[in-house]
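Trainee: Provided below for reference: sequence and predicted model.
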Amino acid sequence: MTRSILRTLLSGGLAGAVLLAPAWVGAADISLSGGGIKITEGELEFKIGGRLMMDWDYYDGMYHWAGNDGKYGSDNEPASDDPGAEYNIDNGAATSDFEYRRLRLTFEGRSSDALSYKMTYDFDVADGGGGETGITDLLVQYKGLEFGTLTIGKFKRPAGLEELTSSKRISTIERSSLMNSGAFSVGRPDGFGVRLDSATDNFVWAFGLFNETGNKDENGANQYEIGGRAVYFIETDDALYHFGLSLLGGDTGFGGTKRVQDRFGVHTANKQNLTSGSKAVDGFSQNGIELAYRRGPFSVQFELMNSSWDAGADTFAALPDSAGDYAFEAGTTAPTTGADTRRKYSDWSASSAGGIDATGNYILVTYTLTGEPRTYKRGVFDRVAPSGEGGAWELVFRRETLEVERTVKRRRHSIANDKTGAVAAADVETAIEDRIVTREGAATTLGVNWHVNKNVRAMYNFIQGEVTFNDLPNILDDSGNAHTFRVQFDF
């Protein structure tokens, strides 16, 4: 398998170089500094870079759920709403897994001082494939505007300090549940985007319009998200202060769905489902706050995000059409006289739609034992650059929490106690109620990073995760521990 992956990487890199490298290579300056390729001549430039991340994880408890791929609350919810009904919990024994988490090549350059381009290809070897195979970034930038830079193509939304920090530069092996769970609209849309951004000595802003593939109204017209991010920062010789705000909202389109689930720091482990499957939604709004402080080798950053997803069109199970599908309430008996007014009821059926409200936060603290600071560029953190031959050693702590509250609309029908045979709509009374279900997940991460040089990094995280599902009267509490390791090379 390893030989096949490397063969694909090399062939892809060579093919990309042949297709994208300008014809003027022979007269240009060629640099191999940092392991990549950089070709320049005047204002023309072309670069090839990439990243390889190899992970090994060992985990137990909630991270290795033996049934339904760990999706608590989907096929494994209690069979009824009766008090005492329990979740079907079956944690497997401790296990381990290895994966090539990321294997990407990036081609970028500029044809003038004002016009540049970038393409990143992901070979999707993580977790058996099925993820981001193909192009993850494909964009063109024009910097000739007086008020900022115009970007068109596929790229990340302007939201989330941790999300906008490259996976090559984040302090933990995986990003927090704010960025990975789907509770918030961050990262790259499947479709395209248009963005304006600008930066001054102390202020960075970005504003854009984005489309997810498949987000269309009932007439087939595209539906869009719109939003932006603003950051004010103060950087002195020995300190950095960062204050950020992001706002985003839009339509999800006809038939749009939302599912919130996360692995809480362990990418090869089972997902924890915080919304009981996909729910029909019809639009959303979200906001985020970013705070960060750095002094010398010490840094702390905090993010808080809130989102609200509007419920889509309700879809219930069909009306039971036989009196045999109706029964008296539990604990009651059939009436003894015709004057008894007790009714017979169908089972409750839940709508496929449901509003979802999510709130999440994390706090990240880092300290570099060898004294190097986390570098910072244009509103995001960058690498820790080792200053000595032994590299840089960094300690990491993160605490993250995510709470998801969903509105479950339920419906049931009732008929007269003496009704028999076929049941028509005119024979029934219908009751609809809303249930509020809250599910929470959290994780604490302790880590150490060895920055061998500016291209190689080794990482270790110990993670303790926990989930609580308050699906009254049914309660689930579960937890698990994980040890995760990564070796990465980027150029």
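Mentor: Sure, I can see it. Numbers count the residues shown, from 1 in each chain.
Trainee: neighbouring strands for the strand or helix carrying residue 104, and are they parallel or not?
Mentor: Using DSSP states H and E, residue 104 maps to strand 95-110. Its sheet considered, strand 95-110 pairs with strand 44-59 (antiparallel), strand 115-122 (antiparallel) by DSSP bridges.
Trainee: Buried ones in the last one, by neighbour count?
Mentor: By 16 or more other Cβ atoms under 10 Å, the buried positions in strand 115-122 come out as 116-122. Backbone N, C-alpha and C define where each C-beta goes, glycine included.
Trainee: Stretch 311-324: end-to-end distance?
Mentor: 33 Å (Cα to Cα, to the nearest Å).
Trainee: neighbouring contacts of it?
Mentor: 252, 255-257, 279-282, 326, 344, 346, 349-355, 407, 409, 411, 413, 415, 419-425, 428 (Cβ atoms under 8 Å, 6 or more residues apart in numbering).
Trainee: Drop anything exposed from these.
Mentor: 252, 256-257, 279-282, 326, 344, 346, 349-355, 407, 409, 411, 413, 415, 423, 428.
Trainee: so where's the protein shaky on pLDDT?
Mentor: 1-27, 34, 66-92, 125-133, 214-221, 253-255, 276-277, 331-341, 471-474 (pLDDT under 70).
Trainee: Tell me the buried residues in the longest strand along it?
Mentor: In the chain, assigned by DSSP state E, the strand with the most residues is strand 392-416. By 16+ other Cβ under 10 Å, the buried positions in strand 392-416 come out as 392-394, 396-398, 400-415.
Trainee: so what's the spatially most central residue of the chain closest to, chain neighbours aside?
Mentor: Centrality entry for the chain: nearest residue to the mean C-alpha point is residue 180, 2.2 Å, by Cα atoms, centre = their mean. Closest residue to residue 180 apart from its sequence neighbours, by Cβ to Cβ, 6 or more residues apart in numbering: residue 262 at 5.3 Å.
Trainee: and that neighbour, how many neighbours does it have?
Mentor: For residue 262, the neighbour count with other Cβ atoms under 10 Å is 27.
Trainee: cool, residue 213 as well?
Mentor: 11.
Trainee: hmm, back to that, report the contact partners of the residue nearest to residue 180.
Mentor: 177, 180-182, 271-272, 274, 402, 441.
Trainee: and it, bridged to which residues?
Mentor: residue 272.
Trainee: Look up how far residue 273 lies from it.
Mentor: Using Cβ to Cβ, to the nearest Å, we find residue 262 at a distance of 9 Å from residue 273.
Trainee: Paired strands for the host helix or strand of residue 447, with orientation please.
Mentor: Assigned by DSSP H and E, residue 447 falls within strand 429-451. Its sheet considered, strand 429-451 pairs with strand 392-416 (antiparallel), strand 456-471 (antiparallel) by DSSP bridges.
Trainee: What residues sit buried inside it?
Mentor: Within strand 429-451, the residues scored as buried using 16+ other Cβ under 10 Å are 437, 439-445, 447, 449-451.
Trainee: repeat for stretch 460-474
Mentor: 461, 463-467, 469-471, 474.
Trainee: Need the CA coordinates for it. PDB is fine.
Mentor: Output of stretch 460-474 as PDB, limited to C-alpha atoms (Å, rounded to 0.1, in the frame of the first residue of the first chain):
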ATOM      1  CA  TYR A 460       1.600  13.100  20.900                       C
ATOM      2  CA  ASN A 461      -1.900  13.700  22.400                       C
ATOM      3  CA  PHE A 462      -3.600  12.100  25.400                       C
ATOM      4  CA  ILE A 463      -7.300  12.700  25.200                       C
ATOM      5  CA  GLN A 464     -10.100  12.000  27.600                       C
ATOM      6  CA  GLY A 465     -13.500  12.300  26.000                       C
ATOM      7  CA  GLU A 466     -17.100  12.200  27.300                       C
ATOM      8  CA  VAL A 467     -20.600  12.400  26.000                       C
ATOM      9  CA  THR A 468     -24.000  13.000  27.800                       C
ATOM     10  CA  PHE A 469     -27.300  12.600  26.100                       C
ATOM     11  CA  ASN A 470     -30.200  14.100  28.000                       C
ATOM     12  CA  ASP A 471     -33.000  12.500  25.900                       C
ATOM     13  CA  LEU A 472     -35.400  12.500  28.800                       C
ATOM     14  CA  PRO A 473     -36.400  10.200  30.300                       C
ATOM     15  CA  ASN A 474     -33.500   8.300  28.700                       C
END
